[in-house]
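Colleague: give me a model of this one.
(4 chains)
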Protein chains: 2
Amino acid sequence: MGLIDNINKLFDHRIRLGIMSILMVNDDVDFNRLKELLDVTDGNLASHTKTLENAEYIKVEKAFIGKKPNTKYFITPLGKQAFKKHIDALEDLIRNPK
Amino acid sequence: MGLIDNINKLFDHRIRLGIMSILMVNDDVDFNRLKELLDVTDGNLASHTKTLENAEYIKVEKAFIGKKPNTKYFITPLGKQAFKKHIDALEDLIRNPK
DNA sequence: TAAAGTACTTTGAAATTCAAAGTTAAAATA
DNA sequence: TATTTTAACTTTGAATTTCAAAGTACTTTA
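Modeller: Predicted coordinates for the structure are as follows:
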């Protein structure tokens, strides 16, 4: 087993890592806030959230706020667990790579 | 400026992150040791080390140990600096993503 | 002499990433 | 009422990246 086996390939990308980091500390974050925080295009953000949704690491909830459509993202328990494991693997790798 | 702008794309891959982590704490590491630690194929390792070499984040030194050819990799000052910056950006992102 | 080790390079296919343009539907504005 | 804007995508296609497998060249060991 290699040193990097516990590093999650899905989190091996800065945009998805950013999404997860944000959702770890915020109960919910909407599409436009994510877009603004990460400074990405609509399509790019949508495709990365889709990837995380497919893995069931995040969940989406659509609603109207007043009369405006609003899409909120949440982290799932599975996502939280996977992310923690990834961070542990990162720390381990960086701290003790031998 | 987005939250992830200081994350280095070159380190956004587990194998290159692994190589850098290893070279941060070891003065030099040879090809086969890297291969073993990371559990990757020859070609794959060679191409990732080449990517890091092209960025001048690592240096290579070829020699013979006894009669066997041996290739050692070192991290450069530039690589050390870039890696530290990346780790700081990672920590920042994970710790305070808002 | 044959097999194995070292450190690649090359090749090509598959997967991934990205921006740009298109879409849908509702809301605000003129 | 017609047009524009906003929100949140989906689609498309090109570019880039990744990876394994095969090939290379030279050396050493059995």
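
Colleague: shouldn't A:Arg14 be in contact with B:Lys9?
Modeller: Yes. At 7.2 Å, A:Arg14 counts as touching B:Lys9 under the criterion of C-beta atoms under 8 Å. Every C-beta, even on glycine, is put in place using the N, C-alpha and C of the backbone.

Colleague: and the two? Which one has more around it.
Modeller: Ranked by neighbour count (other C-beta atoms under 10 Å in any protein chain shown), A:Arg14 and B:Lys9 place A:Arg14 first, with 24 against 11.

Colleague: now stretch A:68-80: average pLDDT?
Modeller: Stretch A:68-80 shows a mean pLDDT of 95.

Colleague: list the buried ones in it?
Modeller: A:72-73, A:75-76, A:79 (16 or more other C-beta atoms under 10 Å in any protein chain shown).

Colleague: with stretch A:4-20 instead?
Modeller: A:4, A:7-8, A:10-20.

Colleague: what's the neighbour count on A:Gly43?
Modeller: 8.

Colleague: and the pLDDT for it?
Modeller: On the pLDDT scale, A:Gly43 gets 95.

Colleague: could you say which helix or strand contains it?
Modeller: Element membership of A:Gly43 [criterion: DSSP states H and E] is helix A:42-54.

Colleague: mind checking which of the buried residues of stretch A:68-80 land in strands?
Modeller: A:72-73, A:75 (DSSP state E).

Colleague: near DNA strand C, list only the ones from those residues.
Modeller: With C-beta under 7 Å from any atom of the strand as the criterion, those include none near DNA strand C.

Colleague: looking at those, which is nearest chain B?
Modeller: Set against chain B, the nearest of those by C-beta to the nearest C-beta is A:Ile75 (11.9 Å).

Colleague: check contacts around the closest one.
Modeller: Counting by C-beta atoms under 8 Å, 6 or more residues apart in numbering or on different chains, A:Ile75 touches A:20, A:23-24, A:57-59, A:83.

Colleague: with A:Leu90 instead?
Modeller: With C-beta under 8 Å, 6+ apart, A:Leu90 has these contacts: A:7, B:17, B:90.

Colleague: thanks a lot, see you next time.
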